[in-house]
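Engineer: Have a look at this prediction, sequence included:
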Amino acid sequence: MYRYDEYDHRILAERVEQFRDQVGRRIAGDISEDEFKPLRLMNGLYLQLHAYMLRVAIPYGMLSSTQLRKLAYIARRFDKGYGHFTTRQNIQYHWIKLEQAPDILGELAEVEMHAIQTSGNCVRNTTADQFAGVAFDEIEDPRVWCEIVRQWSTFHPEFSFLPRKFKIAITGSPHDRAALCVHDIGLRMHRDAAGEIGFEVMVGGGQGRTPMLAETIRPFLPKQYLLSYLEAILRVYNQLGRRDNIHKARIKILVGAVGAAEFARLVEAEWQASRNEDLELPAAEFERIHAHFALPPYEALPAETPAFHAKRFENREFARWVRTNVSRHKQPGYAIVTVSLKPEGGVPGDASDRQMEAMADIAERFSFGEVRVTHEQNLVLAHVKEADLYELWRNLGFFDLAAANAGLITDIIACPGLDYCSLANARSIPVSQAIGRRFADPERQARIGELKIKISGCINACGHHHVGHIGILGVDKKGEEFYQITLGGSADETAALGDIVGPAFAYDRVVDAVDTIVDTYLGIRIEGERFLDTYRRVGLQPFKERLYGAR
Amino acid sequence: MALVKNGTLVADDEWRFVAEADEIPAEGAVVVTARRWLKERDRFAGRNAPTGIKIEAGDDIKALAADIDRFGLVAVDFPKFNDGRGYSTAHLLRERYGYKGEIRAVGRVLRDSLLYMHRCGFDAFDIVDKDPLGAWRQKLGEMSVFYQPATDDRTPARELRHPRRPLARAS
Amino acid sequence: MTQEIVTANRLRDGAVVYLAPEGYWSERLADAVVVEGEVAAAELLGTAEAAVKAQIVVAPYRADVTLESGLPVPRTTKERIRSRGPSIHPELGKQAEGQPA
Ligand code: SF4
């Protein structure tokens, strides 16, 4: 993964001192909260229900064991012993003190981490496929481009005060694990007819109040032009995006208003006018960054590992975990492991300091000291020998990290919701815990098959409810928590926004409603169908009838 | 509020900003709104003193492109600290339209905006701060390395990293 | 008539605090001054401004409560959670410090 050189280090060190000065000025009363707020937000510091919340960037989800140990240390020393991995592949701490924030940033800088641009109307952390570099069907490693975008967008002088926040995601595989279609810009690497690699450029996706799927404005951009093309998009948006209404300021609204074709024309015109070779990355710099993403020194192994398969027959729980949490690797004899942060009764995405340290150790022992964070709030070990899987699984089990549910109904995405978030209408986490308990039986989960539930505590949709197979949105009815359910959303290459099934359910009715939906699906599915397939075949009606028919 | 230009405090600014409805004085350097310029540009032809324009956020600067060399000053207004349109305006003035004269940031020009403004091509700043010059010095000195090329002559990190290598596109 | 209190977060650590008698900011809801009616509530919020200027608290606002056995009890889920701590972590926050909510 990318390692800092002296320049990267200097940028971070200067940033920490700058923020220390700003915090000092605020506490001394030299600047008001109004002036300070945008400055602290640019350093990822929010004021939430119980304390400040610090959002630390994990660039495209990549962590080293050293960095993860530092995150554990910060959780213990400055927080209450845990952190929350988010749908943007970042980590949040919920109990931060303003006066300690500069010290925390100093600690993070020691391990090449920061909270820069994790908030504010700027280009946020670029997200990527968590299987980048190791997916068997990958065309090119998107992380190289993510790092290029990270450097280009960090403290970009022209695009730090955009109309609204701006999120970019990149994948290099045909199967979209990064939810491209709900990003302001989604970049999909593919080959053109001549075999050249480039980006399909999609613009204007997003969730929130007005969910929209991104539209393609350029089917193929030769990859060397990425930065100048991104500048052209951002310049058009910076000038024309709405600033009069915060709810209409995202680029999706602009793209929707002028139409994707016209937006594409504006971008092309800007790009042609500003074509500037200086902006593209010098070849030597490309090579330098590229070299950081070389694959680790794998051993040459046979494609089949008999001992591993033998264990699967011996141990049913292990076999179950392998089926759900282990994915195919491009290197023979290796596997990709998804470590679920969704144990029964747990908080989706939360990890304690001890779990983080255990993961750091386990990654060092089994996966070249590298851990990845997924937008589904799980962790990934990307380079595990099949022969080590059993031992790895046992070790994960000691730390409550061996839940065999990746992609199943209890692998729920949930935002912090009203337990922490000052914008929330309703709690998300207790709903996910209750669903987790209701469907805890592994046999039943296996029978249900792939089913993604996503929960947000308000319309901001940090929990991606619009693209959940079952989406749950917290709404406020006269101070009471209610939940609106959507069906049929999807965030992959077959992206779709969910349809609202009907009136919202009260807090104590929502798990029953999910149960009814699942039951309906099981009753009408055709052999081999996943929930999404059944939904796409039959639509809302059967679910509506079962949920509301009796009334 | 005070004007800082090329790193020094300007006590006697020669430019007079004329409000939309006010008479344009016969003598002296004046700054008029872009809108007014576009409406009344012929009136300025015979005027024997420098003219500047003030671009407001949302103005279409393409319309001014043909006249750009006639302006002694372009003031770019920031209605709010976090309204970033002016950054693109300055960039375009310098890079697209080749404007070489003074570009002055006016409006909500706060301490924490100065560095980015400078990087986008501004060279004069009407700073809202109790210590404008101190603000300028502190903020311009705070960062010494930059990732991306911009409209200034700071050498970005990606070039510092490869000192003697000629520039070439990645392939 | 509804009863109200004034609450905010403390600047230095973000902790939830309540405006108590004599302009003191308490971490305990039980200490909060409870007022009735628009005039009294607006006035109470007005007195909080001094603490904003003095860099003690951030963004004070009014919140509805009911009185139960003489103690203020929040009317919304949000204020209930603020006064106690996260509902999913009974071992954390004010609720863990043995405070009456
Ligand atoms: S979706 Fe709403 S409640 Fe959930 S974290 Fe985002 S802003 Fe907070």
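Structural biologist: Good, I have the coordinates. Numbers count the residues shown, from 1 in each chain, chains lettered A, B, ... in the order given.
Engineer: Just grab the bridge partners of the residue nearest the centre of chain B for me.
Structural biologist: In chain B, the residue lying closest to the centroid (Cα atoms, centre = their mean) is B:Ile103, at 2.7 Å. Per DSSP bridges, the residues bridged to B:Ile103 are B:Val74.
Engineer: Surely it is in contact with B:His118?
Structural biologist: No. At 10.3 Å, B:Ile103 does not count as touching B:His118 under the criterion of Cβ atoms under 8 Å. In this view, the C-beta of every residue, glycine as well, is placed from N, C-alpha and C.
Engineer: Going by length in residues, pull out the top helix of the chain.
Structural biologist: Going with chain A. helix A:6-28 (DSSP state H).
Engineer: other chain: chain C
Structural biologist: Chain C, longest helix under DSSP H: helix C:38-53.
Engineer: anything in the very next helix or strand once past it sitting right up against chain A?
Structural biologist: The helix or strand immediately downstream of helix C:38-53 is strand C:57-68, counting by DSSP states H and E. Yes. Strand C:57-68 reaches chain A (Cβ under 8 Å from any Cβ of the partner chain) through C:Val58, C:Ala59.
Engineer: Now do the buried residues in strand C:57-68.
Structural biologist: Residues C:Val57, C:Val58, C:Pro60, C:Arg62, C:Ala63, C:Val65 are the ones in strand C:57-68 that count as buried (16 or more other Cβ atoms under 10 Å in any protein chain shown).
Engineer: Max pairwise distance over those residues: which two?
Structural biologist: C:Val58 and C:Val65 (20.8 Å; Cβ to Cβ).
Engineer: what's the helix or strand for the residue in chain B that the ligand sits nearest to?
Structural biologist: The minimum distance from chain B to the ligand, using Cβ to the nearest ligand atom, falls at B:Asn82 (19.7 Å). For B:Asn82, there is no enclosing helix or strand under DSSP H and E.
Engineer: so what's the spatially closest residue to it that is not a sequence neighbour up against?
Structural biologist: Distance criterion Cβ to Cβ, 6 or more residues apart in numbering or on different chains; nearest residue to B:Asn82, sequence neighbours excluded, is A:Phe161 at 4.8 Å. Contacts of A:Phe161 were listed using Cβ atoms under 8 Å, 6 or more residues apart in numbering or on different chains, and they are A:Asn121, A:Cys122, B:Phe81, B:Asn82, B:Asp83, B:Gly84, B:Tyr87.
Engineer: Compare those and tell me which is most surrounded.
Structural biologist: Within the contacts of A:Phe161, B:Tyr87 tops the neighbour count with 30 neighbours, counted by other Cβ atoms under 10 Å in any protein chain shown.
Engineer: Just confirm that residue contacts A:Leu162, I think it does.
Structural biologist: No. Contact criterion Cβ under 8 Å: B:Tyr87 and A:Leu162 do not qualify, at 9.7 Å.
Engineer: if I look at the two, which residues touch both of them?
Structural biologist: With Cβ under 8 Å, 6+ apart, B:Tyr87 and A:Leu162 have common neighbours A:Asn238.
Engineer: Spell out which residues sit in contact with the residue nearest to the centre of chain B, please.
Structural biologist: Neighbouring residues of B:Ile103 by Cβ under 8 Å, 6+ apart: B:Leu73, B:Val74, B:Ala75, B:Val76, B:Ala90, B:Leu93, B:Arg94, B:Gly121, B:Phe122, B:Asp123, B:Ala124.
Engineer: Can you pull out the low-pLDDT segments for the chain?
Structural biologist: If you meant another chain, say so; for now it's chain A. Applying pLDDT under 70 to chain A flags residues A:550-551.
Engineer: Switch to chain C, please.
Structural biologist: C:1, C:98-101.
Engineer: and the gap between A:Leu389 and A:Phe308?
Structural biologist: Using Cβ to Cβ, to the nearest Å, A:Leu389 is found at 6 Å from A:Phe308.
Engineer: The residue of the stretch 201-350 of chain A found nearest chain B in helix, strand or coil?
Structural biologist: Across the stretch 201-350 of chain A, the shortest distance to chain B (Cβ to the nearest Cβ) belongs to A:Phe286, at 3.6 Å. With DSSP: H, G, I helix; E, B strand; the rest coil as the basis, A:Phe286 sits in helix.
Engineer: What is the burial count for A:Asp34?
Structural biologist: 8.
Engineer: Can you name the helix or strand that it falls in?
Structural biologist: Applying DSSP H and E, one finds A:Asp34 within helix A:33-41.
Engineer: near the ligand at all, that helix?
Structural biologist: No. Contact between helix A:33-41 and the ligand is absent, the nearest approach being 13.7 Å (criterion: Cβ under 6 Å from any ligand atom).
Engineer: which residues touch whatever residue of chain B ends up closest to chain C?
Structural biologist: Residue nearest to chain C within chain B (Cβ to the nearest Cβ): B:Lys130, separated by 17.0 Å. Residues near B:Lys130 by Cβ under 8 Å, 6+ apart: none.
Engineer: hang on, the earlier thing: mind checking how far the residue nearest to B:Asn82 is from A:Pro503?
Structural biologist: In terms of Cβ to Cβ, A:Phe161 sits 41 Å off from A:Pro503.
Engineer: cool, B:Asp69 as well?
Structural biologist: 65 Å.
Engineer: For chain B, just list every one of the helices.
Structural biologist: According to DSSP H, the helices that chain B contains are B:34-40, B:85-95, B:114-119, B:132-141, B:157-160.
Engineer: Which secondary structure elements does the longest one sit against?
Structural biologist: Counting contacts by 3 or more Cβ pairs under 8 Å, 6 or more residues apart in numbering or on different chains; DSSP states H and E, the secondary-structure elements packed against helix B:85-95 are helix A:226-240, strand B:71-78, strand B:102-107, helix B:114-119.
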